[in-house]
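# whatever this is, show me its structure:
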Amino acid sequence: MTFPQIDPVLIHLGPLAIRWYGLMYLFGFLAAYGLICHLARLRDLPLDSDGAADLLFYGAVGVVAGGRLGYVLFYNPGWYLSHPLEAFAIWQGGMSFHGGLLGVVAATLIFCRRRKLPVLLTGDILVTAATIGLGFGRLGNFINGELWGRPTDLPWGMVFPGAGPVPRHPSQLYQAFLEGLVLFVVLYGLHRWRVRHGVPFFSFFVGYGVFRFLVEFVRQPDAQLGFLWGGATMGQLLSIPMIIFGVAGLFWTLRRGAAS
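Below you'll find the model as predicted:
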């Protein structure tokens, strides 16, 4: 299959260019805001619409700050050690999901402390909303023709511009489906079943970690890193602690519930 040539710029308004990638983020934030409001009512979290907007703002700051710092530390530390000011040039690209997740966790802890809200329940709601942003973000990666997969002879393999003439896995679409749609359905179902606080939060860590680990087998590793220990990618190495943390958290949460 040939990669559909989608102009990354949706429309030009004078000197202003509205890009599909930016719209994906906008759609993600708007949908996440609506979902936070809905889940707050469903799970009896004392958070009004203004509070939901504040929570989303904290989460966005955590994503950007943590994502950029994670990319600098995990994916290209040598370059940024020699060019420290480039670490602030986020418009040039370069974000780490795992770093962004740590940033969101830190921002949520601060938000909950200031608002005196239950941390686990707030985290349950925020990570569920985050799956929407993940799905839209991966669609944006696909439209931009970036973060493609490894070569494949499967019938849905695509020839991406800039990746040579060989068909490759559309790994961005795999991730949009698994990390976005599937993970959202699972976590939302847990909310509907009114599971114990913390179960959706830790399930997110397990689900994302497993999905990311599996997709990395068909995703092209970062050029500056390549394959690491035992042929693993950086994405896989960072996903392993996520899975361990999530499983341990689920065990602790469910055991605490049984004990009480």
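# all helices of this structure, in order?
Applying DSSP state H to the chain gives helices spanning 20-42, 49-74, 77-82, 97-115, 119-144, 171-175, 183-192, 199-215, 234-259.
# list the buried residues for the last one?
Across helix 234-259, burial judged by 16 or more other Cβ atoms under 10 Å covers 234-239, 242-243, 246, 249-250, 253. For the C-beta atoms, the positions are set from N, CA and C on the backbone; glycine is no exception.
# next one: that helix to chain centre, how far?
17 Å (Cα atoms, centre = their mean, to the nearest Å).
# check the third one too.
Helix 77-82 has its average C-alpha position 24 Å from the chain's average C-alpha position, going by Cα atoms, centre = their mean.
# same check on the fourth one?
In this view, helix 97-115 has its centroid 14 Å away from the chain centroid, taken as Cα atoms, centre = their mean.
# same question for the shortest one.
Offset of helix 171-175 from its chain centre (Cα atoms, centre = their mean): 12 Å.
# could you list the residues in contact with it?
Helix 171-175 has contacts (Cβ atoms under 8 Å, 6 or more residues apart in numbering) with 134, 138-139, 141-142, 146-150, 211-212, 215, 218-220.
# mind listing what's buried along that helix?
171-175.
# what's the mean pLDDT across it?
If you average the pLDDT over helix 171-175, you get 97.
# that older thread, from the buried residues of helix 171-175, which is closest to residue 47?
Set against residue 47, the nearest of the buried residues of helix 171-175 by Cβ to Cβ is residue 175 (29.3 Å).
# from residue 76, how far off is the closest one?
Between residue 175 and residue 76 the computed distance is 21 Å (Cβ to Cβ, to the nearest Å).
# then residue 142?
Distance, residue 142 to residue 76, using Cβ to Cβ: 23 Å.
# neighbour count for the two, which is higher?
residue 142 (24 against 18; other Cβ atoms under 10 Å).
# residue 10 versus the more buried one, what's the distance?
15 Å.
# residues contacting the most centrally placed residue in the chain?
For the chain, the residue sitting closest to the mean C-alpha position, by Cα atoms, centre = their mean, is residue 134 at 4.4 Å. Residues in contact with residue 134, defined by Cβ under 8 Å, 6+ apart, are 28, 97, 175-176, 179-180, 183, 208.
# turn the residues you listed into JSON lines, including distance to residue 115.
Converted to JSON lines, the contacts of residue 134 look like this (distance: Cβ to Cβ, whole Å):
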{"residue": "28", "distance to residue 115": "23"}
{"residue": "97", "distance to residue 115": "26"}
{"residue": "175", "distance to residue 115": "32"}
{"residue": "176", "distance to residue 115": "32"}
{"residue": "179", "distance to residue 115": "28"}
{"residue": "180", "distance to residue 115": "28"}
{"residue": "183", "distance to residue 115": "26"}
{"residue": "208", "distance to residue 115": "26"}
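# and the least confident of the residues you listed?
Out of the contacts of residue 134, that is residue 97, at 79.
# if I look at it, how far off is residue 29?
For residue 97, the distance to residue 29 - Cβ to Cβ - is 16 Å.
# tell me which of those two has more neighbours.
Counted by other Cβ under 10 Å, residue 97 and residue 29 do not tie: residue 97 has more neighbours, with 23 against 19.
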